[in-house]
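Student: sequence and predicted structure are below.
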Amino acid sequence: MLGALSLGCATTAPLIPRATPEEAAGFTFPLELPSEGMLHLEGNTAAAILLAMDDFKPRGAVIPTGIRPDESCLYLPQSYDVTSALGTEGVVLVEFQQNDTACPPSPTLSVEAISGKPLQEVTTYAVDIRAMRILAVGVQTRPRP
């Protein structure tokens, strides 16, 4: 019975891109992770970020047709930087900001073009980590760093 349940779940999950076996065989893991650039996330924080990202920019989502090539990066999760912080008890806040290096602002679509000031939209999720659900989503316009 358990095998059937596991098989059913596996068929609904998106495929995860993987290297070829030859590429994987050529990779050597270090004995320990390098301290430079190391980032440690508690399990609840990592799960909250995954939940928020799945809603914000789902893996495998189709980029709409008819958009300009310079706008297509707006639909890719890797075009956004993520910041998280503990909120009130049981809540993790997860914030997404467009990474201007990965996806340069479009002069015709940016808030800056409308306001004349260097601004950006920032999306923040409040994730209830006790029930692993999204409590609220907020979008703010802030000055660009």
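Tutor: Nice, I can see it. Numbering: from 1, shown residues only.

Student: after the least confident helix or strand in the chain by mean pLDDT, next one along is what?
Tutor: Ranked by mean pLDDT, DSSP states H and E, the weakest helix or strand in the chain is helix 2-12, scoring a mean of 47. Where DSSP states H and E defines the elements, the next helix or strand beyond helix 2-12 is helix 21-25.

Student: all helices in the chain, in order from the N-terminus.
Tutor: Taking DSSP state H as the criterion, the chain carries its helices at 2-12, 21-25, 43-56, 111-115.

Student: tally of neighbours for Val127?
Tutor: Neighbours of Val127 under the rule other C-beta atoms under 10 Å: 28. (C-beta placed from N, C-alpha, C; glycine too.)

Student: tell me the bridge partners for it.
Tutor: Val92, Ile134 (DSSP bridges).

Student: spatially central residue for this protein, please.
Tutor: With distances taken as C-alpha atoms, centre = their mean, the residue of the chain nearest its centroid is Met53 (4.0 Å).

Student: tell me the contacts of that residue?
Tutor: Counting by C-beta atoms under 8 Å, 6 or more residues apart in numbering, Met53 touches Pro77, Val82, Val94, Phe96.

Student: got a winner among these for most neighbours?
Tutor: For the contacts of Met53, neighbours tallied by other C-beta under 10 Å; top is Val94, 25 neighbours.

Student: is it in contact with Leu50, as I believe?
Tutor: No - in this structure, Val94 is not within contact of Leu50 by C-beta atoms under 8 Å, at 9.4 Å.

Student: got the CA positions of stretch 96-103 in CSV?
Tutor: Provided in CSV are the C-alpha atoms of stretch 96-103 (Å, rounded to 0.1, in the frame of the first residue of the first chain):
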residue,chain,number,x,y,z
PHE,A,96,11.5,38.6,-3.2
GLN,A,97,13.4,41.5,-5.1
GLN,A,98,14.3,41.5,-8.7
ASN,A,99,18.1,41.0,-9.1
ASP,A,100,19.1,43.7,-11.6
THR,A,101,22.1,41.8,-12.7
ALA,A,102,20.2,38.6,-13.6
CYS,A,103,17.2,40.6,-15.0
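
Student: hmm, back to that, so of the contacts of Met53, which ones are in strands?
Tutor: The strands, defined by DSSP state E, take in Val82, Val94, Phe96 from the contacts of Met53.
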